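>>> coords please:
(one chain, ligands or ions: 1)
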Amino acid sequence: MTQAIKPGMLYQVRSVCECPKCGGAGMVRHPGWERYRMEKEIRSQIDDEYFFREEMGYDRIPPEEVNCDRCLGSGQLEEFVPFDDAMTAWRQQRRIRLRNLLNGIATVLAEMEFSDQEIGCLLSALQAISRND
Ligand SMILES: [Zn+2]
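Sure thing, here's the model as predicted:
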């Protein structure tokens, strides 16, 4: 059962996207290992055990990969956006998909040797459909 839409209520849409920090993997290189990698490029010899224990103050060598601190290991970022903003974004995506579809159809029609006039009529009909939003 859906709730009735009431005036003055704030409607939001749940938005989920891939975490840009870890690329959706949920894991990132431990910052200590990142530092170790940079030090290794500068120094000719570096021992990981010595580096982590003596120079970085760790009591043991940390794992090379840890949960991403931005998405907490889920690989996704979730937020709630205003309904109108979500609709605007959805319409933009829809227009892009329709434009790509129309370009694809135009290419196929040209390969099938339809006349320019026939292609023009078909594309006009499809564009009229795409404007209905
Ligand atoms: Zn992440």
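
>>> Tell me who's in contact with the residue nearest to the spatial centre of the chain.
Geometric centre of the chain, nearest residue: Glu18, 4.2 Å, by C-alpha atoms, centre = their mean. Contacts for Glu18 (C-beta atoms under 8 Å, 6 or more residues apart in numbering) come out as 24, 75-77. In short, each C-beta sits where N, CA and C put it, glycine included.

>>> hmm, try it at 10 Å
Taking C-beta atoms under 10 Å, 6 or more residues apart in numbering, we find Glu18 in contact with 24-25, 71, 75-77.

>>> now the residues you listed: which count as buried?
Neighbour counting over these (16 or more other C-beta atoms under 10 Å) leaves 71, 75, 77 as the buried ones.

>>> near the ion, which residues of this protein?
By C-beta under 5 Å from the ion, the residues of the chain that approach the ion are 19, 21-22, 68, 70-71.
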